[in-house]
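> This is a predicted model, with the sequence first.
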Amino acid sequence: QVQLVESGGGLVQAGGSLRLSCAASGRTFSNYAMGWFRQAPGKEREFVAAINWWSGSSTDYADSVKGRFTISRDNAKDTVYLQMNSLKPEDTAVYYCAARTAYYRYSDMPRDYDYWGQGTQVTVSS
């Protein structure tokens, strides 16, 4: 089992920045590809960003956040981050981090992830 706890959400004005953190525990963190997803009210959960296991040298982003968001990981701290810059009102959602089964490549599909955090609210005001 892997436990995930997100933090760093909040209220920010459009154009501002936030950094989300997701702390993992329970298993060897570096063996898990990690993803960030978000869900706005009345909408399905959608892919935001993902990073491969171990080195984190490979990443992927949704088109809507490319150039504004950056995913990274610190295996020494068992933590994955999502740096969000130039935030827009449409980025408002609950953000979730997720871990995929050990040694699997990351995916942009929520169904491919096995462990989820409780989510953190991000609200961007116009």
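Nice, thanks for sending it over.

> so what's residue 54 up against?
By C-beta atoms under 8 Å, 6 or more residues apart in numbering, residue 54 lies in contact with 30, 31, 75. (Each C-beta comes from the backbone N, C-alpha and C, glycine too.)

> Would you reformat these as a markdown table and include secondary structure?
Listed next are those as a markdown table, based on DSSP: H, G, I helix; E, B strand; the rest coil:
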| residue | secondary structure |
| --- | --- |
| 30 | helix |
| 31 | helix |
| 75 | coil |
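
> Just name the closest of those residues to residue 18, please.
residue 75 (22.6 Å; C-beta to C-beta).

> Against residue 28, how distant is that closest one?
9 Å (C-beta to C-beta, to the nearest Å).

> okay, these two: which has more neighbours?
residue 75 (17 against 13; other C-beta atoms under 10 Å).

> hang on, the more buried one packs against residue 31?
No. The pair residue 75 and residue 31 fails to qualify as a contact (C-beta atoms under 8 Å) at a distance of 9.5 Å.
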